[in-house]
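> no letters, just coordinates:
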């Protein structure tokens, strides 16, 4: 079964701008009513919305003389520009903000909500409250470099105290960090210097021990050499004495066989055989050594007797006395005794004067970090008179414009719908109903 129903085709429809304009003019009261209603809602919103204020503080680089005490320590260098950047980093640090929030919870009562932890309450404050503009790192050395920190806060919050307190807290925090870094560097340098001094002391002790051993070894060697020389010299002297006795024995035998009892000469021995010869005095010049037996048997026997009774030949050699003297001197090594008797051996360490001077300088380093001025607070936060949010004038004007536009739009739409209904023939309406 096929349906014979067909939707009637409507004739083309054109909107009459004149009719629309006439409708807008006739509906002035309606448009004004809509405008007034929306504007009233905007006024209510503008005065109900919690006002939000803004405070700001400006930090600039500190004068270079404020950092002179720190830089003159020669272990920590910090320029005014670097100090400004470090403070800016502290102001931007989440940890610094959270630390200030924990220490000053009374100032943040407005941010606390039931069922929230301390960190969650801090997140609401930290999300959009504080903004920071840091200087360009390439222009940090310019005198005009600065840090501007701004804080938005709702009515009922002491924003001025919070911002000024936060700036001071951040500067103090960074000052403590620098002091901690300085202490660590000084401690590490002192440990390094003490290590070098300990190494120098160990080297000195090793050198001293080696020197003592060397001196004692040298003494022992010299003493052994002198004793060997003394023994050899005594053996030599004994051999000389034995040889002398043997010579005397031989000469005594010859002298007895010749009947020479007293010292004599070869001429006197020849003249003894001449009888009746007138007494005369002769002088004999002879460059030949006279044989020992001419000394006569009595003199030779006397010398032999003495040599046989001799118990020591040491007095006959001067060298023996010298050896005895040297052995006596070697009994005690005074240099070793002095080395062992040293009380303060650190004064004998070589090449450590500069290390000691540096250690004393570091130990006497007294930089008062509490007086260290990292930045200059060029502008403190001041109480704001007018809120930045909401902008009541702008909201009211915007509400009136929206109301006006809404009223005109409704009027125009109603006018167009009226024109469309008027343009449709009645017969088409009836047929469409059948």
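Now that the structure is in, tell me what you want to look at. These figures come from a predicted structure and were not determined experimentally.

> only C-alpha atoms for contact and neighbour calcs from this point on.
Noted.

> show me where the stretch 301-434 of the chain has its helices.
318-330, 334-340, 353-363, 392-423, 426-433 (DSSP state H, counting those that start in this stretch).

> need these in a markdown table (columns: mean neighbour count, mean pLDDT and distance to residue 238).
Formatted as a markdown table, the helices of the stretch 301-434 of the chain follow (neighbours: other CA atoms under 10 Å; pLDDT from 0 to 100; distance: least, CA to CA, whole Å):
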| stretch | mean neighbour count | mean pLDDT | distance to residue 238 |
| --- | --- | --- | --- |
| helix 318-330 | 14 | 91 | 13 |
| helix 334-340 | 13 | 89 | 35 |
| helix 353-363 | 14 | 87 | 61 |
| helix 392-423 | 17 | 79 | 136 |
| helix 426-433 | 11 | 49 | 169 |
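
> I figured residue 219 hits residue 328, correct?
No. Applying CA atoms under 8 Å as the test, residue 219 and residue 328 come out as separate, 11.4 Å apart.

> picking that back up, which one of the helices of the stretch 301-434 of the chain lies nearest to residue 250?
Among those, helix 318-330 comes nearest to residue 250, with 28.9 Å by CA to CA.

> now for the closest one, which elements pack on it?
Counting contacts by 3 or more CA pairs under 8 Å, 6 or more residues apart in numbering; DSSP states H and E, helix 318-330 is packed against helix 159-258.

> list the helices and strands the helix it packs on packs on?
Checking 3+ CA pairs under 8 Å, 6+ apart, helix 159-258 ends up next to strand 52-61, helix 80-92, helix 94-103, strand 146-154, helix 297-309, helix 318-330, helix 334-340, helix 353-363.

> for it, what is the average pLDDT?
For helix 159-258, the mean pLDDT works out to 91.

> so how far is it from its chain's centroid?
Centre-to-centre, helix 159-258 and its host chain are 34 Å apart (CA atoms, centre = their mean, to the nearest Å).

> next, the angle from that helix to helix 297-309.
Our comparison of helix 159-258 with helix 297-309, counting by axes from the mean of the first three to the mean of the last three CA atoms, to 10 degrees, yields an angle of 150 degrees.

> please renumber so the chain begins at 7
Noted, 7 is the first residue going forward, which turns the last one into helix 165-264.

> which residue, other than its chain neighbours, is closest to residue 386?
residue 63 (5.0 Å; CA to CA, 6 or more residues apart in numbering).

> contacts only, for that neighbour.
Shown in contact with residue 63 (CA atoms under 8 Å, 6 or more residues apart in numbering): 154, 155, 156, 169, 170, 383, 384, 385, 386, 387.

> try it again with 6 Å
Residue 63 makes contacts with 154, 155, 385, 386, 387, as judged by CA atoms under 6 Å, 6 or more residues apart in numbering.

> so it versus residue 173, what's the distance?
8 Å (CA to CA, to the nearest Å).

> could you do residue 27 as well?
For residue 27 relative to residue 173 (CA to CA), the value is 62 Å.

> the two: which is more packed in?
residue 173 (24 against 14; other CA atoms under 10 Å).

> how about the contacts made by the more buried one?
Neighbours of residue 173 in contact, by CA under 6 Å, 6+ apart: none.

> ok, and what's touching stretch 385-394?
Under CA under 6 Å, 6+ apart, the answer for stretch 385-394 is 57, 58, 59, 61, 62, 63, 64, 166.

> so how far is the first residue of it from its last?
OK, stretch 385-394 end separation, CA to CA: 20 Å.

> quick one: pLDDT of residue 144?
pLDDT, read off for residue 144, is 57.

> please apply the same query to residue 124.
69.

> please report which of the contacts of stretch 385-394 has the highest neighbour count.
residue 62 (22 neighbours).

> please name the bridge partners of that residue.
Under the criterion DSSP bridges, residue 62 forms beta bridges with residue 156.

> ok, it - contacts?
Taking CA under 6 Å, 6+ apart, we find residue 62 in contact with 155, 156, 387.

> what's the spacing between residue 410 and residue 40?
Distance from residue 410 to residue 40, by CA to CA: 7 Å.

> ok so, going back, which of the helices of the stretch 307-440 of the chain sits closest to residue 115?
helix 398-429 (26.8 Å).

> for that closest one, which helices and strands make contact with it?
Contact here means 3 or more CA pairs under 6 Å, 6 or more residues apart in numbering; DSSP states H and E; on that basis helix 398-429 packs against helix 34-54.

> same thing but 8 Å
Helix 398-429 packs on helix 23-32, helix 34-54, going by 3+ CA pairs under 8 Å, 6+ apart.

> return the most buried member of those.
helix 34-54 (a mean of 17; mean count of other CA atoms under 10 Å).

> surely residue 90 is in contact with residue 380?
Yes. If you go by CA under 8 Å, residue 90 and residue 380 touch, sitting 6.8 Å apart.

> give me the common contacts of the two.
67, 68.

> now the spatially most central residue of the chain, nearest residue through space, not along the chain?
Centroid-nearest residue in the chain: residue 191, 3.4 Å away (criterion: CA atoms, centre = their mean). Excluding its sequence neighbours, the residue lying closest to residue 191 (CA to CA, 6+ apart) is residue 81, at 7.3 Å.

> what's near enough to touch that neighbour?
188, 191, 192.

> swap the cut-off to 10 Å and go again
188, 191, 192, 195, 368 (CA atoms under 10 Å, 6 or more residues apart in numbering).

> now do residue 175: how many residues are near it, please.
Neighbours of residue 175 (other CA under 10 Å): 18.

> does it touch residue 104 like I think?
No. Using CA atoms under 10 Å, residue 175 makes no contact with residue 104, being 11.3 Å away.

> for stretch 185-198, buried residues please.
185, 188, 192, 195, 196 (16 or more other CA atoms under 10 Å).
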